[in-house]
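Engineer: how does the following fold in three dimensions:
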Amino acid sequence: MDKILEALVSSSHPVSVKRAIVKKVMEAAEKEVTEEQCQALYHLTTRLILVGEDSFQQQVGLQVQEAYARYHRDEFASFFSKEYVIGLLQQGYGSLDRRDPAILDYLHSSLRLLISCPAVLELAPLLQTEVLRIICERPEPATCAKLAIILTDFPQCIPREKSGVLFCQQLVRTFVYFHCSASEERELREYVTQVTRVSTLLQGIWKVETATLLPSLQEVFAIISSTDPSFEPSIALASLVQHIPLQMITVLIKSLTTDQNVKDVSMTQALCRMIDWLSWPLAHHVDTWVIALLKGLAAVQKFTILIDVTLLKIEQVFNRLWYPIVRQGALVVLSHMLLSFQHSPEAFHLVVPHVVPLVQSLKNDGLPNSKTFLLQFAELIHCMMYQYSGFPDLYDSILESIKDLPKPNEEKITFVLNQSAWTSQSNSFASGLLKLTGKSETGKTGLVNLGNTCYMNSIIQILFMATDFRRHVLSLHLNGSNTLMKKLQLLFAFLAHTQRAAYSPRNFLEASRPPWFTAGSQQDCSEYLRFLLDRLHEEEKTLSDLQVISPKPEPASPSAETVHSAAGQPVADVPSSSDPMVAKEGRTLVERMFGGRLSTAIRCLKCHSLSEKEEPFTDLCLAFCPSMSQPQGPTDEYKSSSNVGPCQGAMNGGSESSESSVKEAGTRTDRPVAEPTLSVPDLVDYFLAPEILENDNCYFCEHCGSLQRAEKVMRVVAAPEYLILTLLRFSYDATCHVRRKIMDNVGIPLRMCLPLCQHASAASSDAASPSESPDSGENLAKKLKPSQKEEGVTDSRTKIERAESGLETLPVPYVLSSVVMHSGMSSESGHYYSYGRNVSSTDGYVAHPCPKNLEGSSLSQEEMGCADHKPIDWFLFNDSRVTFTNFQSLQNVTSRFPKDTAYVLIYRKQEVNGQESNGGAVVNGSRLNGEPPLQKDLMDAITKDNKLFLQEQELNARARALQATSACSFRPNGSDDNDPPGSCGPSGGGGGGGGGFNTISRLCFVWEHDMGSWLK
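Structural biologist: The predicted model follows:
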């Protein structure tokens, strides 16, 4: 068979004839073939693959070899022996050199034919040795890329343990020689692809064998810090940066900047080469690492290095702004270098001649991102000209070129300059990472933004500020469980007791992120809140059901605790079937804290039959209506005008208003924001307003057996302890197929009353008592469909109907607890932050009784002032940053910043005339008026982390003390020997430790901590 095939491929027959005969040869593989025939065919096909005269012969060799190896695998395994592989890799094949990429291609295809064969495992030790030898010979990028593909598909061939460490180090060293000689775009793309494949291989090894990461980084630094003038490493090393976990920035930069074995000249060389990496087109986070090293050097007062590097590289960094693919990262580094270089205008004046040409180019290049980039660049230039005024001859042309662009105010400029100064750096490395400072003066803990996670951070903070809910969560006994509630409990414990300025909620993010949320993308905070509460509710309900079906011991005689619970107090643990209160209600913590009930009644206007249905809710979604222009409750005139564009809200139904209101609502987005003409009570009034169902929206009356006009009324029949209100600001525009934001400024009252409709006989009972309903166990996220048509109903009719049905309105007082603000123009972009304060039903915020004349839909007593609470008892939570604020600032934020609008509000139900609330946490039969004591597992976790934080602080203090003993060649404040002022920058977080790369033991505790979080 081999003779036939060999004669065929070298014959002059037409290609079609050759292909037909080759097909017959391949079909013959299914028949019985002797081992000698197989070996002869394998030798022939190998020769055709490796040294075939043309692509046809190579293709025939691959096809025939694959066909025969599939049916005669043992014979192929015998052919592809260790000796044969060694011969290929060490001696080559015929005229092919052993370094030829074709050898590796053949090796890869042969291994794939043996992928499920034990022969691969037998070859693995041999290949581990050979790949290490190949890498030590510093092959070309193409060869390394081929090798990376093989090792990615066959990880068992990657060297292990000590050989694995050496392999990674040598692979890093090989990057040094990846110089690009491409002159065409195709060649350049191929080169970048090859480098990317090799760097991706290293990333995979680092993740699996974590012990290889630190030696590899040591090798990287040894390369870039070399002062040999004849040695210039390739910038392809930049491709490795994106694979180094950002969690390691703190520990690595601290190690570098405090290691006395690292000479200033080596550090200068390393920093210069890292800045060169900004030219690499596909590397991410290079700017983050460069700025981290710059800040780290400033923190240990190595100003000489900073001055030398800035003056040497500032023009090169500026030139990177001309290339869109690396422009954004270069601007970040340029901004930091210029803003921090505040002792002299020398660095800024080096780039001044290049400013005007760049501005003109950005105005004319037509790229979509150029306008935004130009605004950022112009702001930087304004800051620098403000800092170094007095040079009109240099600045006149610049001012003329940017005169049409907005100029930042003086307050903003001074703030930016103050926080950027070298003397203000306190190891606040990269954005979103922790720095070594304690909590802010508020005593509250921020949350690290893990990449567009402000939606989660704002929700966590407002839930944490829901005092009674927080106390309940911290009181739960969840030892040993791995539930979402346990993770929330741990997160709350850290927010309450950690010594860090900001805590990283990475584990909670992974556990609580909805499956449809894309990691790293902006999301809707109200959607996340509903998903989180629903998960907590369903989880607790499932655990309760499991406890019910499990065999339980006979209950003992009622103790003081069970009697107290039976009287109506909620317990603090997962519901147990032996608990009288739980057996009666079976309500989860989410139901007890945030759950209310809404009754929907539909009356046929022909036969006057009434259909009622109750459903649970955890938040009320309040729609906007264009006709709302009065801050008072709805009048007859207002109700009739609501026919123009119904905007009926939904309960637990998402964050978009109904499609029918899009045109009206969408027109409101561009108008100037004035003083609020609407208030939250107006929106609740509109939500509860009666509605006439007619025309296309007629109601099918079962009594009449046909579609009839009907009246629909929604009433709150059970008031939650915490009332969550979501303002439906994002409406769908069906014409443009986009979600638009409604920018209306809505007044936020400090206090309000919610009308609770009850039968007259039950009105005197506890307002929070749930209605007995077969739907009480249904999913809390169930959506009540909004109606599509709405018509006003007079107050007199409502009074008559309520009197006939025996309903009575009980005003339930609420006080504002927290607000989530959305800053931006759409739901897909922008930023979330939140205001909050500690409010409990037992904290002394006893509400004044609401007015008795709460007839019809009139909702609340608005108290827009803040007369009886402290001037500063509010907190502003903005990711890692937490500051004091006040209620007046919250009220005026939209007037001052039109893009910042209230989105989610939480109100706390208050006691009236000694009425006892149902929200206080109970532990061992006693109501908790203060924070509950931490359980042992929570305390152990916090103690361990706080010890780690103190170790980090100690290492930082030692580094500063050591630096203070050595003479510093430059001080930005002249010859003053006083310590520099503290940081003026925004709050960051703690984390990271010191120690040089050569002092491995000093890195161990931080290494384990950071690597653990990275691998998770």
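Engineer: rest of the way, CA atoms for contacts and neighbours
Structural biologist: OK.
Engineer: near the nearest residue to residue 464 once chain neighbours are set aside, how many other residues are there?
Structural biologist: Of all residues not flanking residue 464 in the chain, residue 470 sits nearest, at 5.5 Å (Cα to Cα, 6 or more residues apart in numbering). Residues within reach of residue 470, counting by other Cα atoms under 10 Å, total 20.
Engineer: cool, and residue 704?
Structural biologist: When neighbours are defined as other Cα under 10 Å, residue 704 has 13 of them.
Engineer: just residue 306 next, same as before
Structural biologist: Neighbours of residue 306 under the rule other Cα under 10 Å: 22.
Engineer: residue ranges with poor pLDDT in the stretch 601-750 of the chain?
Structural biologist: Along the stretch 601-750 of the chain, the parts satisfying pLDDT under 70 run over 626-676.
Engineer: ok, 50 please
Structural biologist: Under the criterion pLDDT under 50, the flagged ranges of the stretch 601-750 of the chain are 628-673.
Engineer: check the chain too.
Structural biologist: When residues are selected by pLDDT under 50, those of the chain lie in 427-436, 552-584, 628-673, 763-800, 802-804, 843-847, 852-869, 921-928, 957-958, 966-1016.
Engineer: show me which strand runs longest in the protein.
Structural biologist: The strand spanning the most residues in the chain, taking DSSP state E as the definition, is strand 807-823.
Engineer: so what secondary structure elements neighbour it?
Structural biologist: When contacts are defined as 3 or more Cα pairs under 8 Å, 6 or more residues apart in numbering; DSSP states H and E, strand 807-823 sits against helix 454-464, strand 751-759, strand 831-836, strand 900-909.
Engineer: and the third one, which strands flank it?
Structural biologist: Next to strand 831-836 in the sheet, as set by DSSP bridges, lie strand 807-823 (antiparallel), strand 874-878 (antiparallel).
Engineer: and after the host helix or strand of residue 162, which helix or strand comes next?
Structural biologist: Mapping residue 162 onto the secondary structure by DSSP states H and E places it in helix 161-175. Toward the C-terminus, helix 161-175 is succeeded by helix 185-208 as the next helix or strand (DSSP H and E).
Engineer: any idea how far residue 440 is from the residue nearest the centre of the chain?
Structural biologist: With distances taken as Cα atoms, centre = their mean, the residue of the chain nearest its centroid is residue 453 (3.3 Å). When Cα to Cα, to the nearest Å is the yardstick, residue 453 and residue 440 sit 21 Å from each other.
Engineer: please apply the same query to residue 880.
Structural biologist: When Cα to Cα is applied, the distance between residue 880 and residue 440 equals 10 Å.
Engineer: swap in residue 505?
Structural biologist: With distances defined as Cα to Cα, the gap from residue 505 to residue 440 amounts to 18 Å.
Engineer: the more surrounded of those two?
Structural biologist: residue 505 (22 against 19).
Engineer: the more buried one reaches residue 491, doesn't it?
Structural biologist: Yes: here residue 505 lies in contact with residue 491, judged by Cα atoms under 8 Å, at a distance of 7.1 Å.
Engineer: now residue 67: which helix or strand?
Structural biologist: Going by DSSP H and E, residue 67 is in helix 55-71.
Engineer: show me what that helix is packed up against.
Structural biologist: helix 15-27, helix 35-51, helix 101-113.
Engineer: buried residues in it?
Structural biologist: Across helix 55-71, burial judged by 16 or more other Cα atoms under 10 Å covers 56-58, 60-69.
Engineer: which one of those residues is nearest residue 717?
Structural biologist: Of all the buried residues of helix 55-71, residue 717 sits closest to residue 66, with 73.5 Å by Cα to Cα.
Engineer: residue 876 bridge partners, please.
Structural biologist: Residue 876 forms beta bridges with residue 835, residue 883, as assigned by DSSP bridges.
Engineer: isn't residue 89 right next to residue 103, touching?
Structural biologist: Yes: applying Cα under 8 Å as the test, residue 89 and residue 103 come out as touching, 7.3 Å apart.
Engineer: what's the overlap in contacts for those two?
Structural biologist: Overlap between the neighbourhoods of residue 89 and residue 103 is empty, taking contacts as Cα atoms under 8 Å, 6 or more residues apart in numbering.
Engineer: may I see the buried residues of the helix or strand that contains residue 272?
Structural biologist: Residue 272 belongs to helix 264-276 when assigned by DSSP H and E. Going by neighbour count (16+ other Cα under 10 Å), the buried part of helix 264-276 is 266-276.
Engineer: circling back to that earlier point, the helix holding residue 162 - contacts with which helices or strands?
Structural biologist: So helix 161-175, by 3+ Cα pairs under 8 Å, 6+ apart, packs with helix 118-136, helix 213-224.
Engineer: residues contacting it, please?
Structural biologist: Residues outside helix 161-175 that contact it (Cα under 8 Å, 6+ apart) are 132, 135-136, 138-139, 158-159, 202, 211-212, 215-216, 219-220, 223, 233-234, 236-237.
Engineer: list only buried entries from those residues.
Structural biologist: By neighbour count, with 16+ other Cα under 10 Å, those hold 132, 135-136, 138-139, 158-159, 202, 212, 215-216, 219-220, 223, 233-234, 236-237 as buried.
Engineer: any idea how far residue 56 is from residue 373?
Structural biologist: With distances defined as Cα to Cα, the gap from residue 373 to residue 56 amounts to 52 Å.
Engineer: make that residue 71, sorry
Structural biologist: Taking Cα to Cα as the measure, residue 71 and residue 56 are separated by 23 Å.
Engineer: now do residue 687
Structural biologist: Shown here: residue 687 relative to residue 56, a distance of 74 Å by Cα to Cα.
Engineer: sec struct for residue 408, please.
Structural biologist: Under the three-state scheme (DSSP: H, G, I helix; E, B strand; the rest coil), the conformation of residue 408 reads as coil.
Engineer: for it, which non-adjacent residue is closest in space?
Structural biologist: Distances taken as Cα to Cα, 6+ apart put residue 379 closest to residue 408, at 6.4 Å, once the chain neighbours are dropped.
Engineer: which strands or helices does whichever helix or strand the one you found is part of pack on?
Structural biologist: In this structure, residue 379 is located in helix 370-387 according to DSSP H and E. Of the remaining helices and strands, those touching helix 370-387 by 3+ Cα pairs under 8 Å, 6+ apart are helix 324-340, helix 346-364, helix 410-420.
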